[in-house]
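Below are the sequence and a predicted model for it; my questions follow.
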Amino acid sequence: MSSKIAYSRQGDIAVLTAQNPPVNALSQAVRQGLLDGVERAEAEDGVKAILIVGAGRAFFAGADIKEFGKPPLEPHLPWLVGRIEASPLVVVASMHGVSLGGGLEVAMGCHYRVAQPSARVGLPEVHLGIIPGAGGTQRLPRLTGADAALEIATTGRHVGAAEALKLGIVDAIEEGDPTEIGVAYTEKLLAEGAVPRPICEMHAPAAIDWSAAHAAVEARARGQLSPGFVVEAVQASAEHSFEEGMKAERAIFRKAMDTDQRKGLIHAFFSERAVSTLPELKGVEPRPMSQIGVIGGGTMGAGIATAALLSGFSVTMLEMSPEAGEAARGRIESNLSGALKRGKISAEQHAAIVEKALQVVTDYNALKDADLLIEAVFEEMEIKKKVFAQLDAVCKPGAVLASNTSYLDINEIASVTSRPEDVIGLHFFSPAHVMKLLEVVVADKTAIDVVATGFDLGKRLRKISVRAGVCDGFIGNRILSTYRTAADHMILDGASPYEIDKALEDFGFAMGPFAVADLAGLDIGYAVRKRKRAEGLQPNERDSHYADKLVEHGHKGQKTGKGYYDYSAGMKARVPNPDVLPLIKAERVEQDISSREFTDQEIVRRYMAAMVNEAAKVVGEGIARRPLDVDMTLLFGYGFPRYRGGPLKWADIVGLDGLLADINRYAEDDPHFWQPAPLLEQLVAEGKTFDDLNQS
Ligand code: CAA
């Protein structure tokens with residue numbers, strides 16, 4: 001008997017208790033233990049029923065994702081679930097915590113299901129690029145009908161116990177210890193003369209409009225394949241016998257397993273969890289934090305304050321004047337009303353936050369008790385230095401002083417204080433109460449417990465925190481600036497902003513770079529270009545002015561109604577602004593460039609090559625510790641398609657040698673821009689991948 005499954009008897013019930021912490025993933029040892037337990041119960045005298053239950057936090061969180069991509073080991077889960085279902089004994093699942101993927105499939109292999117009120121069930125495989133592979137697509141529709149099964153398995157959402165009861169996924173809800181409620185429920189079933197009730201013998205679900213279902217799912221999937229695979233498998237449950245449906249599910253599961261999207265999504269799953277685990281923070285206590293001061297209540301500061309308030313912090317917002325303070329309060333309250341409308345907080349919580357947790361002030365002295373101060377003022381070094389000097393004068397010893405700068409040098413900011421060890425960068429993304437990414441920027445003198453405090457804040461705000469070193473733009477904006485430049489070069493050489501946006505949105509980006517620029521405001525890029533020109537361009541560095549002219553004509557993007565696109569018919573109805581192409585053409589004439597055509601494939605290749613090359617420099621220089629840190633930055637802050645795993649996972653999948661060869665080829669025309677990253681050259685020379693660096 002596997003040590004992962006404990007076997008015990010409660011009268012005529014054999015209890016199989018899974019003990020594979022933390023979440024009872026269905027590893028080979030767990031599957032073997034379940035099989036052994038079922039066989040032992042069937043062979044033992046006096047056993048009338050089997051109860052399957054999980055120890056710890058969950059029933060089963062699903063197949064063991066770490067086993068994916070390796071040769072499958074017996075007993076295979078689909079077979080095991082069938083074996084449980086075929087038992088002549090009554091088999092009951094007592095579900096608590098989560099029953100996800102293979103976990104729900106095991107439960108559906110049981111003949112009856114009882115759940116705790118807080119239990120949640122779901123088929124989240126779609127988020128891993130696969131489909132339920134142990135009968136989930138065949139058994140769930142038999143319980144709920146095809147529509148509900150499709151909705152659950154194509155979204156991967158967690159279904160609460162009450163809804164699961166309504167849908168027929170569980171038979172009863174009972175409060176109490178999972179083993180106790182399971183035993184009581186099984187005893188009741190036996191007393192009532194219950195017999196095995198295999199779902200595989202139930203009627204197939206009624207047919208629905210399958211083409212409409214396919215079309216609806218594809219419209220939402222943005223190039224992700226797995227939701228469409230789920231529809232195919234559920235359709236098979238309605239159109240074939242159970243056995244044939246299972247064969248269809250297996251074939252589709254295998255097809256999904258073989259996709260690059262599966263590799264990308266599983267990389268994202270583990271990287272999302274690994275990204276904030278830093279060896280140097282092991283055992284380091286973060287500083288205590290309950291009061292947060294935010295300096296500057298513009299869009300960013302108000303968003304940061306909102307995020308902190310929604311996570312239970314009290315916030316003091318400092319503005320320069322009572323009028324500016326009121327405007328900041330207005331922005332925060334509007335964000336909070338949005339959270340209330342979306343059901344993120346209750347009316348009582350909303351009232352308590354607005355009345356008690358938020359204070360708006362104009363005097364720095366009001367920040368003296370704050371544990372953490374986040375500066376979000378105008379992006380100019382001299383202004384930031386003034387703020388930090390004032391913070392240094394009033395803040396209590398040990399307070400963490402953070403800057404939300406998106407590219408300025410944190411070391412220089414820290415140098416104006418008497419306590420550079422307490423200074424750190426906390427780079428939020430706008431809107432800060434919505435976007436998941438937080439770059440924790442560690443300066444030369446930042447104390448380790450201040451770093452730990454940055455990560456602790458990220459965790460408490462439910463963000464994905466990535467450690468970054470100091471450089472212009474840190475991880476994300478530095479890489480963004482490079483791939484944006486690659487897009488600008490393609491425009492000079494003949495592509496249009498609309499072709500580029502379309503090619504990249506087809507690749508899976510939430511928005512193409514020019515639509516993003518319109519959203520952020522074209523004046524931002526304009527200011528950066530002016531700054532770079534003032535610092536001095538390299539002799540062979542390419543430059544262009546058509547975008548400056550757009551801004552000078554008053555077209556600053558969405559906020560003025562026009563940028564690369566014209567938004568007069570609404571923000572979503574993106575119509576090319578007719579002023580743009582003539583400006584680009586004029587620039588090509590001025591620079592004596594004869595334009596050429598770009599295919600979508602070439603656009604993606606050049607854009608991604610620029611992104612990967614800069615990312616490799618960022619990792620090589622230690623600005624990002626691991627390739628996965630870059631991947632998570634782009635995924636959570638820049639709309640990179642999750643199903644591609646991140647730029648460096650994408651690069652591993654398409655092959656580093658081909659990518660380097662392309663970069664060298666592009667460098668023949670523009671050696672200034674296309675300088676291959678030493679780390680990329682090294683990996684190619686050694687036959688290694690970026691992922692190899694994640695493992696070390
Ligand atoms: N396999 C392997 N490890 C898993 C796992 C799984 N299915 N689910 C969670 N873990 C690990 C996590 O990697 C994490 O490990 P570390 O502590 O080493 O980082 C640990 O368990 C705890 O997980 P979380 O940090 O995510 O804890 P949480 O409380 O925030 O969330 C959870 C728990 C809701 C179960 C979440 O982990 C989750 O959603 N897991 C994935 C569930 C899933 O996708 N199941 C389907 C698997 S595929 C399948 O079952 C295919 C099939 O049909 C046969």
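Arrived safely, thanks for sending.

residue in the stretch 251-400 of the chain nearest to the ligand?
The ligand sits closest to R273 of the stretch 251-400 of the chain, with a gap of 4.0 Å, by C-beta to the nearest ligand atom. (C-beta placed from N, C-alpha, C; glycine too.)

So M571 sits against G561, correct?
No - taking contacts as C-beta atoms under 8 Å, M571 lies outside contact range of G561: 9.6 Å.

Neighbour count: the two, which is higher?
Using other C-beta atoms under 10 Å, the more surrounded residue of M571 and G561 is G561, with 15 against 11.

Against P627, how distant is that one?
To P627, G561 is 40 Å away according to C-beta to C-beta, to the nearest Å.

residues from the stretch 101-250 of the chain in reach of the ligand?
101-102, 105, 124-125, 128, 132-134, 136 (C-beta under 6 Å from any ligand atom).

Identify the residues contacting the nearest residue to P322 once chain neighbours are set aside.
In space, and not counting its chain neighbours, P322 is closest to T362: 6.2 Å by C-beta to C-beta, 6 or more residues apart in numbering. Contacts for T362 (C-beta atoms under 8 Å, 6 or more residues apart in numbering) come out as 318-322, 325.

Would you mind listing which of these are buried?
For those, a burial check counting by 16 or more other C-beta atoms under 10 Å picks out 318-319, 325.

which of those residues lies closest to D592?
Using C-beta to C-beta, E319 comes nearest to D592 of those, at 50.6 Å.

was I right about the closest one contacting G298?
No - counting by C-beta under 8 Å, E319 stays clear of G298, with 9.3 Å between them.

Spit out the residues that contact those two alike.
Residues touching both E319 and G298 (C-beta under 8 Å, 6+ apart) are A328.

Okay, now the unreliable bits of this protein?
Residues of the chain that meet the criterion pLDDT under 70 lie in 1-2.

can you give me the strands in the stretch 551-696 of the chain?
For the stretch 551-696 of the chain, the strands defined by DSSP state E, counting those that start in this stretch occupy 565-566, 575-576.

could you say what helices and strands the last one packs with?
In terms of contact count using 3 or more C-beta pairs under 8 Å, 6 or more residues apart in numbering; DSSP states H and E, strand 575-576 is assigned the packing partners strand 565-566.

what's next to the strand it packs on, contact-wise?
Taking contacts as C-beta under 8 Å, 6+ apart, the residues outside strand 565-566 that touch it are 514-515, 518, 574-578.

What of stretch 644-657?
By C-beta under 8 Å, 6+ apart, stretch 644-657 touches 260-261, 263-265, 267-268, 271, 479, 507-508, 608, 611-612, 615-616, 619, 627-628, 630-632, 634-635, 640, 659, 680, 683-684, 689-691.

Buried ones in that stretch, by neighbour count?
Residues of stretch 644-657 classed as buried: 644-653, 656 (neighbour count, 16+ other C-beta under 10 Å).

Would you mind measuring from F229 to the ligand?
Taking C-beta to the nearest ligand atom, to the nearest Å as the measure, F229 falls 12 Å from the ligand.

quick one, what contacts that residue?
130-131, 252, 255-256.

Can you tell me which of those has the most neighbours?
Most neighbours among the contacts of F229, by other C-beta under 10 Å: I131, with 29 neighbours.

List the buried residues in stretch 562-572.
562-567.

what does stretch 168-182 give?
Residues 169-171, 173-174, 178-179, 181-182 are the ones in stretch 168-182 that count as buried (16+ other C-beta under 10 Å).

Export these to TSV and append columns for secondary structure.
Shown next, in TSV, are these (DSSP: H, G, I helix; E, B strand; the rest coil):
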residue	secondary structure
I169	coil
V170	coil
D171	coil
I173	strand
E174	coil
P178	helix
T179	helix
I181	helix
G182	helix
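
and which of these is nearest S465?
Of these, the one sitting nearest to S465 (C-beta to C-beta) turns out to be P178, at 33.6 Å.

My guess is that closest one contacts M95. True?
Yes - contact criterion C-beta under 8 Å: P178 and M95 qualify, at 7.5 Å.

who touches both of those two?
Joint contacts of P178 and M95 (C-beta under 8 Å, 6+ apart) are 54, 59, 116.

How are the strands of the stretch 351-500 of the chain distributed by residue range?
With DSSP E, counting those that start in this stretch as the criterion, the stretch 351-500 of the chain has strands at 358-361, 372-375, 400-403, 423-428, 437-442, 464-469.

hang on, I meant the stretch 101-250 of the chain
Shown for the stretch 101-250 of the chain, the strands assigned by DSSP E, counting those that start in this stretch span residues 112-115, 120-122, 159-160, 172-173.

picking that back up, and the residue nearest to P322, how far is that from G297?
Distance, T362 to G297, using C-beta to C-beta: 11 Å.

quick one: common contacting residues for those two?
Listed as contacting both T362 and G297 by C-beta under 8 Å, 6+ apart are 318-319, 325.

No further queries at this time; thank you.
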